[in-house]
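>>> Got a predicted model here, sequence first, then my questions.
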Protein chains: 2
Amino acid sequence: MYSNKILRVLKGKKIKVGDRIRLIKDKGVYEGILMPRIKMGNKDSLIIKLKSGYNIGIEFDNKTRIERLGKGRKLGVIPKLKIKRKKKLPNVSMVATGGTIGTHVDYKTGGVFMCRSPEEILSTTPELMNIIDLKNTHRPFTLASEDMTYKHWQEMAKLVAKELNSGCRGVIVTHGTDTLHYSGAALSFMLRNLSKPVALVGAQRSPDRGSFDGSINLICASYFTGYSDIGEVALVMHGTSNDNYCLVNRGTRVRKLHTSRRDAFQSVNEKPIAKIWTNGKIEKTGIEYTKFEDKKVIVDHKFEPKVALLKAFPNSDPSIIGWYLDKKYKGLIIEGTGLGHVPTGESGIEMGKFDPKMSWIPYIKKAIDRGVTVVMTSQTIFGRVHPYVYKNLRLVSETGAIYAEDMLTEVALVKLSWVLGHTKKKEKIREMMLTPLAREINPRTDLNSVVKSV
Amino acid sequence: MYSNKILRVLKGKKIKVGDRIRLIKDKGVYEGILMPRIKMGNKDSLIIKLKSGYNIGIEFDNKTRIERLGKGRKLGVIPKLKIKRKKKLPNVSMVATGGTIGTHVDYKTGGVFMCRSPEEILSTTPELMNIIDLKNTHRPFTLASEDMTYKHWQEMAKLVAKELNSGCRGVIVTHGTDTLHYSGAALSFMLRNLSKPVALVGAQRSPDRGSFDGSINLICASYFTGYSDIGEVALVMHGTSNDNYCLVNRGTRVRKLHTSRRDAFQSVNEKPIAKIWTNGKIEKTGIEYTKFEDKKVIVDHKFEPKVALLKAFPNSDPSIIGWYLDKKYKGLIIEGTGLGHVPTGESGIEMGKFDPKMSWIPYIKKAIDRGVTVVMTSQTIFGRVHPYVYKNLRLVSETGAIYAEDMLTEVALVKLSWVLGHTKKKEKIREMMLTPLAREINPRTDLNSVVKSV
């Protein structure tokens, strides 16, 4: 709630939350919709939603003037798109799971709600119905993506497969952006034999903002699923800060790399598969991809949930691994430094002796001896880990830890869960982890044999 | 050791490890130095160090021909630079701590050793002595950077300050690249009142390779410390894959972003301070920096070691926080998703109920109630966390967790250790964490007040 001082002024001017107002302070003039006061923050500040969609908080004092301009938006009403089918257009279905792309601001409470139905989500993008024939829409759950778990991934995979196997050309999945890349990897591993386009789509900005990116992302995803010859899971998101094109980022080779930019998603260690312009033009980048084919997809959705991700850092206490052993974890991803290093407890010649408490090596060894799979990735994000270049890397790899090549940490995490859901055999686990199952690894260049940088 | 088959052939041709050889197989001709067989890998492959510095492993079979070309390099001898002082040049000192920049390959064993003395390290870069007058050299320890700890940071800071306060214009610190950015942050916080250039320099490729980057990095660091008007800690590393210029990346705003590229270090959320060309030209980018001044630096090196970094991910078990509480940790950095999210245990409307076991919120709250400082950063690397945009963010921030603005996770980790080494008062900790102490935070733009995107 606003302070009593502000409430008195608002009452005097007959201004209610949700009204359009003008506020003048110092040399600034601010017009927009009066928003409710959020729980935290300065109670003496008025919150106005500007036309750009941004909220601004302006401290109200004796020199501040305020006027009512008129009624604001209707409160608490979410527009809905009436879905009209055009049967000549390509058949695409949609699975709506939540996230910013389907949010709605309630101007009465200031709260941001997630829309419940695909018809609500699509109200921002009626153009979509001139591109594809929206065959079926599903809403298995409505969730912020930070709360996605295995069961949500499995539910998504089942619905996507059901649609693809009943004649759809492709499926669009709307999803929050926070863990969009984890879900992209999960779908890539679960959808075996996939040869049709599956687009994961989110938005970095909400529909009430002028910079909403969800419409363009949905339009590009419609062209991708309805018209492209690409038969893979991809994250279709803005390629730049402008509204000119989206990138088709392979589900296993992409990562969120900015908290808020619209082009936050970037392919790592390879190019995106294609650019899709808002007019429907699809421009390939030249990398290999799975070609569209009309064949059945198989859902293989077993995961081992006891898999965790740890990050090594200076002064880190490796005995944390003991906690995971006590909890009966089956797999650990260690995000090391550089080429896949962890602290080894060396102290340097003049600084005293080796400190076994600081070394990760015996803990990794202990985990592996107990049957836990340990996989090394790098916190540098880009590049490829390597088990041989330096002595300290060999110390790690000699424990039996698997060096995950150029796989992203997040992808290695999802893959390890999936692999451990399929086999308990040590050699089979290693083989599966090091074999590309959904183009998540780019095998190294080969000169008749192995090229190594020692 | 090589297989007996290979050893027999080598013996017959009087070829020894370390000799220059030519190997012909299929259509390939490979010339280089015969390296010893490393412990792992195929014993039937010969390892040759090519002129480029790369090692190549070639499987030896009946069709492989091999010839001795001559004697290779002298075994086990590390060249040394004789340091000649030119007193008219600017006074700069050096602290050598280890890392790839000072490695040497022993052609007898194939092992990579770290050089012990600055004279050995500098043997790759005699040009340096025409740029600066190398006043003093120190070798406090010789360590791979993955093994750096507080005590090493403190030792570095003391030596750097000692040199700066006894008349040096600047100091070059050579260091492994894995944790170069953690050390950059640590030095930035410890060296209070700093107004002279301190360069942290490493190499991504070892001196035995044609692509060795350490010389150019040392040359640019010499220009930076000897001639620039910048009075800050900076990582001076390759700006591109070519040998044209280095970037002066602020110690608190940079991160290793590739396992092996020479331009692996990139400034995050701001531009680097300057480019330095190999001819000494210093080109500023226009961002603000601390100007050179000849005044005393103060070493303030207290750290609280009980600080850890955790990464939140889908399906992560938040009860891991309990382990840190049991171990009496004082500070936790949680690298969340997106704007600083953690799983909240929501399951979505159709997927069953809230699952308190999956929610990080009560665990964060418990930690804070016990006096532990919890700081939120983002695993997106780029961008700024935000405590208000979504309901789930407010749930976290209402526990009292500190949202670390646009600070890098690694920098937040080092800073929290440093801050907790200075105060135990909750409000003071929050104030220090959110106040830029070494330009590690870029305060948000301000329109008389706070601009928020809700």
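Okay, I see it. Numbering: from 1, shown residues only, chains lettered A, B, ... in the order given.

>>> CA only for contacts and neighbour counts going forward, please
Will do.

>>> Around chain B, pick out the residues from the stretch 301-450 of chain A.
A:305, A:308-311, A:313-316, A:320, A:323, A:337-339, A:341-351, A:378-385, A:390-391, A:448-450 (CA under 8 Å from any CA of the partner chain).

>>> Only whichever of the residues you listed are buried, select them in ChimeraX.
Listed next is the ChimeraX selection for buried residues among these, using 16 or more other CA atoms under 10 Å in any protein chain shown:
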select /A:305,308,309,310,311,313,314,315,316,337,338,339,341,342,343,344,345,346,347,348,378,379,380,381,382,383,384,385,390,450
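
>>> Could you list which of the residues of the stretch 301-450 of chain A next to chain B belong to strands?
Members of those lying in strands (criterion: DSSP state E): A:308-311, A:378.

>>> okay if I get those residues as TSV plus distance to A:F60?
Shown next, in TSV, are those (distance: CA to CA, whole Å):
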residue	distance to A:F60
A:A308	49
A:L309	47
A:L310	47
A:K311	46
A:S378	49
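
>>> Take these and write them to JSON lines, including distance to B:S211 and pLDDT.
As requested, those are exported to JSON lines (distance: CA to CA, whole Å; pLDDT from 0 to 100):
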{"residue": "A:A308", "distance to B:S211": "37", "pLDDT": "98"}
{"residue": "A:L309", "distance to B:S211": "34", "pLDDT": "98"}
{"residue": "A:L310", "distance to B:S211": "33", "pLDDT": "97"}
{"residue": "A:K311", "distance to B:S211": "30", "pLDDT": "97"}
{"residue": "A:S378", "distance to B:S211": "22", "pLDDT": "98"}
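
>>> Could you find which two of those are furthest from each other?
A:A308 and A:S378 (15.0 Å; CA to CA).

>>> where does the stretch 251-400 of chain A dip in pLDDT?
A:349-352 (pLDDT under 70).

>>> Going by the annotation, which residue ranges form each domain of chain A?
A:4-70, A:91-299, A:307-434 (automatic domain parsing).

>>> With respect to burial, which of those scores highest?
domain A:91-299 (a mean of 22; mean count of other CA atoms under 10 Å in any protein chain shown).

>>> Figure out how far that domain is from the centre of its chain.
On the basis of CA atoms, centre = their mean, to the nearest Å, domain A:91-299 sits 10 Å off its chain's mean C-alpha point.

>>> Span of that domain from start to end?
This stretch, domain A:91-299, spans 21 Å end to end (CA to CA, to the nearest Å).

>>> quick check, it touching chain B?
Yes: Domain A:91-299 lies within reach of chain B by CA under 8 Å from any CA, at A:111-112, A:140-143, A:146-150, A:177-179, A:182, A:255-261.

>>> ok, now which ones touch A:I78?
A:104, A:115, A:120 (CA atoms under 8 Å, 6 or more residues apart in numbering or on different chains).

>>> if I look at the residue most central in space within chain A, how far off is A:M114?
Nearest to the mean C-alpha position of chain A, by CA atoms, centre = their mean, lies A:L180 at 2.3 Å. Note on A:L180: its distance to A:M114, by CA to CA, is 16 Å.

>>> Roughly how far does A:V375 sit from B:G18?
35 Å.

>>> Tell me which stretches of the stretch 51-200 of chain A form helices.
A:118-121, A:150-165, A:180-190 (DSSP state H, counting those that start in this stretch).

>>> same question, the stretch 351-454 of chain A
Going by DSSP H, counting those that start in this stretch, the stretch 351-454 of chain A shows helices at A:361-369, A:391-397, A:409-420, A:426-434.

>>> just checking, what packs against the longest one?
Translated: helix A:409-420. Helix A:409-420 sits against helix A:180-190, strand A:307-311, strand A:331-336, strand A:373-378, helix A:426-434, with contacts defined as 3 or more CA pairs under 8 Å, 6 or more residues apart in numbering or on different chains; DSSP states H and E.

>>> what does the last one give?
With contacts defined as 3+ CA pairs under 8 Å, 6+ apart, helix A:426-434 has these neighbours: helix A:409-420.

>>> Apply 10 Å and report the result again.
Using 3 or more CA pairs under 10 Å, 6 or more residues apart in numbering or on different chains; DSSP states H and E, the elements in contact with helix A:426-434 are strand A:373-378, strand A:402-403, helix A:409-420.

>>> before we move on, what about the second one?
Counting by 3+ CA pairs under 10 Å, 6+ apart, the packing neighbours recorded for helix A:391-397 are helix A:361-369, strand A:373-378, strand A:402-403.

>>> got CSV for the ones you listed, with distance to A:I24 too?
Converted to CSV, the helices and strands packed on helix A:391-397 look like this (distance: least, CA to CA, whole Å):
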stretch, distance to A:I24
helix A:361-369, 63
strand A:373-378, 52
strand A:402-403, 61
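
>>> Which one, of the ones you listed, ends up nearest to A:K25?
strand A:373-378 (50.6 Å).

>>> next one: the closest one to chain centre, how far?
The answer for strand A:373-378 is 21 Å, by CA atoms, centre = their mean.

>>> Could you do stretch A:49-66 as well?
The answer for stretch A:49-66 is 33 Å, by CA atoms, centre = their mean.

>>> Next, the distance between the ends of that stretch.
Stretch A:49-66: ends 15 Å apart by CA to CA.

>>> what does stretch A:395-405 give?
Terminal-residue distance, stretch A:395-405 (CA to CA): 17 Å.

>>> One more: stretch A:143-154?
14 Å.
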